[in-house]
Structure formats: C-alpha cells, structure tokens
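S.K.: have a look at this fold, sequence not included:
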Ligand code: DX5
Ligand code: ZN
C-alpha cells in the first residue's frame, strides 16, 4: 500500500491549518514536516511550537523530518509536540544507534535518512532498529528541486537489505516526487512518497494526490 505524505514546506504558512485540512480531505496519508536549522542544511524552517500548533488540526500521523545538527537535543521536544514519527539524518548523528534509541524511548516511531550521496551501507547495522528508512531524492534544504534518478538503485539496495534481515520497514522517498518520478521509486521498493511542490502548488490537492497515486498504480 502506497502512502502519500504531503510536505508542508510548500504550503502557505499563513494558512497552515487550512492547507493541512485540504490535503487530508484530498486523500493524504501522513503529513510531512520539514525541520531545518540553517546549519545542517542551508535553510531555516520550523520548530516544536509549530508541530504542537498543527497537532490538533489533523488526525493524520505527523512525519517529522529533522534536518538539524545534534538532533538529540530536540527529539524530546518534537515528541512532546505531537510527532508520530521522527527521522534523523545519518550524516548528523555520530552515535546513530543511541539517537534511534532516544527516539523510541519517547514512544514515537523512528526513521533514518540518507542524503543522495550517502551509501546505503551506512544503515546496515541500524535497519533492524527502525520503522522507516528515508532516501533523499534531492539534496535536502529546499522544496521544488529536481529528482535525482541515481537514487533509484539505492531504493532497491535498501529493500534488499531489509529483506535479508527479515525486517519490515517503510521505505520513504523525499524530493522531486511527482506523477512522473513516483512510479520509478515505487517500482524499486518505496512505499511512502513525500511530495511538497507537486501537491501544494496545485490548486486542486485531491487531484494532485490522485495523480501521483494513479501513476503508481499503473
Ligand atoms: C527537502 C525536504 C522535502 C521538500 C520536498 O529538503 O526534505 O520534504 O519539501 O519538496 P518537493 O516535493 O517540492 O521536492
Ligand atoms: Zn522532507
């Protein structure tokens, strides 16, 4: 089953509640929240107070993607704010196993993220510990960038790694996902699709979500 997670990075922040309702009514499965610190990535976005503010607006799971240095300092605050799943970048975590345990201790699901250039080998020894692996299909920091097709083979490698370890894990992709690129990822083994600009730049959110779903069902 394919899950679609609209990224609110491309939403109108002045009307965030309405924007989230529009994608929930349009058939979204999760809400993807991009947290950037201006340090790990060259952009600044939102923090725990915004997650707390949107928590009562939707029944959908909040999928919080931390693009921040030293995520251990903020994981409890994001969990308290209402995150259902917290994902951290392997590139930002020198003690990744410990960070994953910290996420799980908060009673939320744990994900690991790898940048386009990072080998999948980096997650071999933690994949058994996580609920989700997120493969970046752009360099993180901004919405609206072009999909990097080189990542497709990495999706296959992660799917194989999970199979070899008998581990059921969600495989999520993020960046440049639209009706043209989503099927390549699903065919390779991804089952959670983040899409920001492809959904929020469309006036009809249900149609935009439906177009991605329909493209993957072919
Ligand atoms: C990029 C973020 C993405 C971004 C995706 O750093 O992690 O979630 O919002 O935006 P699109 O779908 O426009 O590439
Ligand atoms: Zn993201």
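M.R.: Received, thanks. Model, not experiment: these values are computed from the prediction. Ligands and ions are numbered 1, 2, ... in the order given.
S.K.: hang on, residue 88 packs against residue 69?
M.R.: No. Using Cβ atoms under 8 Å, residue 88 makes no contact with residue 69, being 10.5 Å away. (Each C-beta comes from the backbone N, C-alpha and C, glycine too.)
S.K.: show me which of these two is the more surrounded one.
M.R.: residue 88 (27 against 15; other Cβ atoms under 10 Å).
S.K.: what's the closest non-adjacent residue to the more buried one?
M.R.: Nearest residue to residue 88, sequence neighbours excluded (Cβ to Cβ, 6 or more residues apart in numbering): residue 71, at 4.6 Å.
S.K.: got the phi and psi for the residue of the chain found nearest ligand 2?
M.R.: Ranking the residues of the chain by distance to ligand 2 (Cβ to the ion) places residue 65 first, at 3.8 Å. Residue 65 adopts backbone torsions of phi -100, psi 100, taken as degrees, to the nearest 10.
S.K.: that one touches residue 174, doesn't it?
M.R.: Yes. Residue 65 is within contact range of residue 174, at 6.9 Å (criterion: Cβ under 8 Å).
S.K.: before we move on, back to that, the residue nearest to residue 88 - how many residues pack around it?
M.R.: Using other Cβ under 10 Å, residue 71 has 22 other residues around it.
S.K.: ditto for residue 181
M.R.: 23.
S.K.: phi and psi next, for it.
M.R.: phi -100, psi -30.
S.K.: residues in contact with it?
M.R.: Listed by Cβ atoms under 8 Å, 6 or more residues apart in numbering, the contact set of residue 181 reads 137, 147, 149.
S.K.: same thing but at 6 Å, please
M.R.: Taking Cβ atoms under 6 Å, 6 or more residues apart in numbering as the contact definition, residue 181 lies against residue 147.
S.K.: what do you get for residue 88?
M.R.: If you count contacts by Cβ under 6 Å, 6+ apart, then residue 88 has 66, 71, 99 around it.
S.K.: give me that answer again for 7 Å
M.R.: By Cβ atoms under 7 Å, 6 or more residues apart in numbering, the residues touching residue 88 are 66, 71, 99, 112-113.
S.K.: what of residue 186?
M.R.: Shown in contact with residue 186 (Cβ under 7 Å, 6+ apart): 2, 216.
S.K.: tell me which element it is part of?
M.R.: Taking DSSP states H and E as the definition, one finds residue 186 inside helix 182-188.
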